[in-house]
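Novice: no FASTA, just this:
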């Protein structure tokens, strides 16, 4: 499965890193660009992103895992390096769209 599509790239261009901070918008009202998930409890919702010079992507968003909810930065390469039981990795929710952080929390 392709984790970054052309449509997602377009959304990343519209909402680069620090977009919400620079525009003084509450991140809870932020439209989610992409949702990644893995192994039941792990979820990452990216609200901002940037393609890096090396082709990787840096995101800012909310993560949910063993320690609860947390805001932070994460890279696509870091997500790709995660392997769960049976060798399963991170996936993109292909059916996720048009939600804000408030909608999912």
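Specialist: Right, received. Where do you want to start? Every value quoted in this text rests on a predicted model; they were computed, and no experiment measured them.
Novice: all helices of the protein, in order?
Specialist: In the chain, the helices defined using DSSP state H lie at 6-14, 19-22, 76-80, 101-104.
Novice: For these, could you give me JSON lines that also reports distance to residue 48?
Specialist: Where you see a C-beta, it was placed from the backbone N, CA and C, and this is true even at glycine. Formatted as JSON lines, those follow (distance: least, CB to CB, whole Å):
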{"stretch": "helix 6-14", "distance to residue 48": "8"}
{"stretch": "helix 19-22", "distance to residue 48": "5"}
{"stretch": "helix 76-80", "distance to residue 48": "13"}
{"stretch": "helix 101-104", "distance to residue 48": "12"}
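Novice: Which residues are in contact with the closest residue to residue 48 other than its chain neighbours?
Specialist: Leaving aside its chain neighbours, residue 48 sits nearest to residue 60 (4.4 Å; criterion: CB to CB, 6 or more residues apart in numbering). Contact analysis of residue 60 by CB atoms under 8 Å, 6 or more residues apart in numbering lists 17-18, 46-49, 71-73.
Novice: give me that answer again for 10 Å
Specialist: Residue 60 sits next to 15-21, 27, 30, 33, 46-50, 71-74 when contact means CB atoms under 10 Å, 6 or more residues apart in numbering.
Novice: Buried members of those residues into ChimeraX, please.
Specialist: Provided next is the ChimeraX selection string for whichever of those are buried by 16 or more other CB atoms under 10 Å:
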select :15,19,20,27,30,33,46,47,48,49,50,74
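Novice: In strands, which of the contacts of residue 60 appear?
Specialist: 46-50, 71-74 (DSSP state E).
Novice: Out of the residues you listed, which comes closest to residue 96?
Specialist: Set against residue 96, the nearest of the ones in strands among the contacts of residue 60 by CB to CB is residue 46 (11.0 Å).
Novice: what's the distance between the closest one and residue 100?
Specialist: 13 Å (CB to CB, to the nearest Å).
Novice: anything in contact with each of these two?
Specialist: 30, 32.
Novice: Can you tell me which helices and strands the helix or strand of the chain with the lowest mean pLDDT packs against?
Specialist: Ranking every helix and strand in the chain by mean pLDDT, DSSP states H and E puts helix 19-22 at the bottom, with a mean of 88. Judged by 3 or more CB pairs under 10 Å, 6 or more residues apart in numbering; DSSP states H and E, the packing partners of helix 19-22 are strand 42-51, strand 57-65.
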